[in-house]
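# sequence plus the predicted model coming up.
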There are 2 protein chains.
Amino acid sequence: MDHLFEKTTKSTEIYKGKIIDLHLEEVELPNGKTSTREIVTHPGAVAVVPITKEGKIVLVRQYRKALKKVIVEIPAGKLDENEEPEKAAKRELEEETGYLAKELKFLASFYTSPGFADEIIYLYAADKLEKGYANTDEDEFLDVLEVTIEEAEVMVKEELIHDAKTMYAIQYLKLTK
Amino acid sequence: MDHLFEKTTKSTEIYKGKIIDLHLEEVELPNGKTSTREIVTHPGAVAVVPITKEGKIVLVRQYRKALKKVIVEIPAGKLDENEEPEKAAKRELEEETGYLAKELKFLASFYTSPGFADEIIYLYAADKLEKGYANTDEDEFLDVLEVTIEEAEVMVKEELIHDAKTMYAIQYLKLTK
């Protein structure tokens, strides 16, 4: 057992929701003392870095209630139950942008907020995009944009792009171009 | 008003915690229909990319209850009430690693999980580190590591480093070295 391990001695369900659940866990710390941890569980998510035949990045502009503002992000969405991440990535890309990707390249996965949540994002790249049909979820409203890397970097400076996965994706494109 | 704006018609507090709060918000969508949003509020956080005089990155190895495992991250922590991010970054760096940074360079800020949380991370770089005294929070246990960029990249491949802020930080170091 790792010397940093924290043993759960009690777990209380606070909330069971549509997207997230919340538990309060009592833990035994490595020094034998006790503490509590607030744990958000999430089904996991996928995100795609979609590059058009013209070399532009496809982004979505979306109102984020948690932030009380509109930001611009790479297409992303949560995993459906038992859904393979790659399948989810193709689905979200088409639903949100109308673009079809025959092949996706897996880039990386990462936890977004390990201090309080188990959300993991599986990130893919897609090029050779074909036009399909956008069909967003019934409670999802967004604008689709196509920008150059340089334009995306300006959006980062202006904090229109302001989330970790999208900023990671833009760094990835800079490292590989 | 942006055409993607969602108006809150009701907000219910589900949980008020030590680190996060949870609200359930009823919203009016752009098409006039209604939906609900689960919103986690967080005080915000800071993270530091600390580089030693020998050019190594200082990382912390920590058990993350939400992930049920140990991962390796750049030093980070949440903001205290009304605390300036830069001050918090210096504080967390010293508390977690024992290193003092006279000057920090602001690199970027980003939201970690805009779909359900307002957590923002302010990211700084620190070099010319001096030895101070580590002094972690009473419920915080961690190991301090010093690694090269190449060693950090291996840790990413092996998913020992597996969170967005740390993977963003390593990309940043590759882009600027």
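Noted; the coordinates are in hand. Just so we're clear, the structure is a prediction, and the values are computed from it rather than from any experiment.

# from now on I want contacts and neighbour counts done on CA atoms only, so please keep to that.
Noted.

# the one helix or strand in chain A whose mean pLDDT sits lowest pairs with which strands, parallel or anti?
Using mean pLDDT, DSSP states H and E, strand A:130-131 stands out as the lowest-scoring helix or strand of chain A, at a mean of 88. If you go by DSSP bridges, strand A:130-131 pairs up with strand A:99-100 (antiparallel).

# which residues are contacting the strand it pairs with?
Residues outside strand A:99-100 that contact it (Cα atoms under 8 Å, 6 or more residues apart in numbering or on different chains): A:90, A:93-94, A:129-134.

# any idea how chain A splits into domains?
With domains defined by automatic domain parsing, chain A comprises A:7-41, A:45-176.

# circling back to that earlier point, hmm, who's touching the least confident helix or strand of chain A?
Contacts of strand A:130-131 (Cα under 8 Å, 6+ apart): A:98-101.

# most neighbours, which of these?
With neighbours taken as other Cα atoms under 10 Å in any protein chain shown, the top of the contacts of strand A:130-131 is residue A:99, carrying 24 neighbours.

# what's across from that one in the sheet?
residue A:131.

# just the helices in chain A please.
A:85-97, A:149-157, A:164-176 (DSSP state H).

# out of those, deepest packed?
Of all the helices of chain A, helix A:85-97 carries the top mean neighbour count, a mean of 22, counting by mean count of other Cα atoms under 10 Å in any protein chain shown.

# on that earlier part again, what's the most buried one of the domains of chain A?
domain A:45-176 (a mean of 19).

# give the pairing partners of the lengthiest strand in chain A; include direction for each.
Assignment by DSSP state E gives strand A:7-16 as the longest strand of chain A. Sheet partners assigned to strand A:7-16 using DSSP bridges are listed as strand A:21-28 (antiparallel).

# and of the domains of chain A, who's closest to residue B:83?
Evaluated over those, closeness to residue B:83 peaks at domain A:45-176, with 18.9 Å, by Cα to Cα.

# circling back to that earlier point, may I see the helices of chain A arranged in TSV, with mean pLDDT as well?
As requested, the helices of chain A are arranged in TSV below (pLDDT from 0 to 100):
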stretch	mean pLDDT
helix A:85-97	97
helix A:149-157	98
helix A:164-176	97
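
# how about a markdown table for those helices, with distance to residue B:6 added?
Formatted as a markdown table, the helices of chain A follow (distance: least, Cα to Cα, whole Å):
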| stretch | distance to residue B:6 |
| --- | --- |
| helix A:85-97 | 18 |
| helix A:149-157 | 23 |
| helix A:164-176 | 22 |
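
# what is the mean pLDDT for stretch A:49-62?
For stretch A:49-62, the mean per-residue pLDDT is 96.

# does it come close to chain B?
Yes. Using Cα under 8 Å from any Cα of the partner chain, stretch A:49-62 reaches chain B at residue A:62.

# now swap in stretch A:170-177 and tell me
Yes. Judged by Cα under 8 Å from any Cα, stretch A:170-177 comes into contact with chain B through A:171-172, A:174-175.

# what's next to that stretch, contact-wise?
Outside stretch A:170-177, the residues that touch it by Cα under 8 Å, 6+ apart are A:149, A:152-153, B:168, B:171-172, B:174-175.

# those residues: which two are farthest apart?
A:152 and B:174 (19.3 Å).

# need the outlier residue of chain A, farthest from its centre.
residue A:32 (35.9 Å; Cα atoms, centre = their mean).

# any idea how far chain B is from that residue?
Using Cα to the nearest Cα, to the nearest Å, residue A:32 is found at 11 Å from chain B.

# again with residue A:48
15 Å.

# hang on, the earlier thing: how far out from the middle of the chain is the longest strand of chain A?
The chain centroid and the centroid of strand A:7-16 are separated by 25 Å under Cα atoms, centre = their mean, to the nearest Å.

# same check on stretch A:148-162?
18 Å.

# what's next to that stretch, contact-wise?
A:55-57, A:70-73, A:167, A:170, A:173-174, B:109-111.

# go on, stretch A:81-88?
A:43, A:45-46, A:77-80, A:104, A:122, A:124.

# now these in TSV, with pLDDT and distance to residue B:65?
Formatted as TSV, those follow (pLDDT from 0 to 100; distance: Cα to Cα, whole Å):
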residue	pLDDT	distance to residue B:65
A:43	98	16
A:45	98	19
A:46	98	22
A:77	98	24
A:78	97	22
A:79	98	22
A:80	97	24
A:104	97	32
A:122	98	21
A:124	98	27
